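J.: Take a look and give me a structure for this.
(2 chains)
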Amino acid sequence: MEYIKVDKERCGLCGGCVAVCPAKVIIMYKERLEIKEGCLKCDKCIKVCPVGALSKNG
Amino acid sequence: MDKNYDVIIVGGGPAGLYAAYKIEKSFKVIIFEKDDVIGEPILCAEGISTNTLKLFFKDGDHPFIRNIYSKLKVKYKDLEANIDIPGRGLIIDRSKFEKYIANKVKEENNFEIKTGSFVVDAKVENDHVKVILENGEEYFGKILIIADGVESYLPNKVGINSVCNLVDMYSCYQQIIHDPNVKDEEIIFDFTPSVAPGGYLWVFPRGNNEANFGLGITSSLDCEKPYKLLNEYREKNYPNAKILREFPGCVSVNQLSRMYTDRVMVLGDSARAADPITGGGIDNALRR
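T.: Below you'll find the predicted structure:
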């Protein structure tokens, strides 16, 4: 299971999580966010998200 | 098709478009924009100053101006300052603004703008730079300009570390509201810490009692999420406001210590060049 879960309804594709991700595993495509392998579990993306669209799975 | 260019620009926002506009017409230039149209989506408070505009677009009509305001209100807790700034502040239609520059780039410079084209990788090779699109297509340039916004991840592909620290980031939320209490002639900044911890709340008048109403907090702080803080403030101060549109945004303000490498330049929000006081990105996107 992926460590980070994205709530697609909440995500406004603002790109903050991509900017703070130290592993650079988050990519913002035109209409979706994708988290690739290599997540460092630092939770910075959860913290930066203005709408709480990112959370830990499980 | 020849895929060799003098300059490849990634990102069709203010930084990329204006950089293109300033390049000599005899060069062969292409701009890649991820979205299908220039000027969408807009996640922006749309404020710039008259002085900034004059620096970059001296002549002609400016069809992208929404509103010119003349009063500035700054709040901090129960303190308030009111300053007259006749004709100094502008709220623009960012979408029209980008289309305006894009038209100049296409018609005056004859450069190619390729929309719906997401650049996923870039490599500096001996005497050129190679970029790869999402669909696998490869393009080659003598110079690469990276200007694809706060979500940029290309700098890291060419050896420039652009990871942003949480303390240098503002998490924002904005609503476009209509409310009779919005004054078209007045811009408001509220720096009260409980309203917007480590940041400020803004009311940027769009005209017709509409405003870009938002707030940004320092992302490293433990506090409520921006959308919650904004809704609380709105319910208290603009209880009858009609929300026309709402969206999140993030502003990174610690400019890259190195904005270039061999054959590559990084501009605008992707260079973290937004103003650290205001969080405004357009001005520095045009300047750098």
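
J.: what does the stretch 151-288 of chain B put close to chain A?
T.: Proximity of the stretch 151-288 of chain B to chain A, by CB under 8 Å from any CB of the partner chain, involves residues B:151-153, B:156, B:162-166, B:169, B:171-173, B:219-220, B:225-227, B:247-250, B:252, B:272. From N, CA and C alone the C-beta is placed, and that goes for glycine too.

J.: Filter the residues you listed down to the buried ones and hand me the ChimeraX line.
T.: Selecting only the buried entries of these in ChimeraX, with 16 or more other CB atoms under 10 Å in any protein chain shown as the criterion:
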select /B:151,152,153,162,163,164,166,169,171,172,173,219,220,225,226,227,247,248,249,250,252,272
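
J.: Please give me every residue in contact with whatever residue of the stretch 51-200 of chain B ends up closest to chain A.
T.: Minimum separation of the stretch 51-200 of chain B from chain A (CB to the nearest CB) falls at B:Glu151, amounting to 2.7 Å. By CB atoms under 8 Å, 6 or more residues apart in numbering or on different chains, the contact list for B:Glu151 reads A:13-16, A:18-19, A:28.

J.: ok, and for stretch A:46-57, which residues are buried?
T.: Neighbour-count burial for stretch A:46-57, counted by 16+ other CB under 10 Å, picks out A:47-54.

J.: Tell me where the chain has helices.
T.: Going with chain A. Taking DSSP state H as the criterion, chain A carries its helices at A:16-20, A:44-48.

J.: Not quite, go with chain B.
T.: Along chain B, counting by DSSP H, helices occupy B:14-21, B:50-56, B:94-107, B:154-157, B:226-237, B:282-287.

J.: What is the burial count for B:Pro63?
T.: 10 (other CB atoms under 10 Å in any protein chain shown).

J.: Surely it and B:Tyr100 touch.
T.: Yes - assessed by CB atoms under 8 Å, B:Pro63 is found in contact with B:Tyr100 at 6.6 Å.

J.: Beta-bridge partners for B:Leu79, please?
T.: Taking DSSP bridges as the rule, B:Leu79 bridges to B:Tyr76.

J.: Distance of it relative to B:Val195?
T.: Separation of B:Leu79 from B:Val195 (CB to CB, to the nearest Å) stands at 13 Å.

J.: Right, I'll leave it there.
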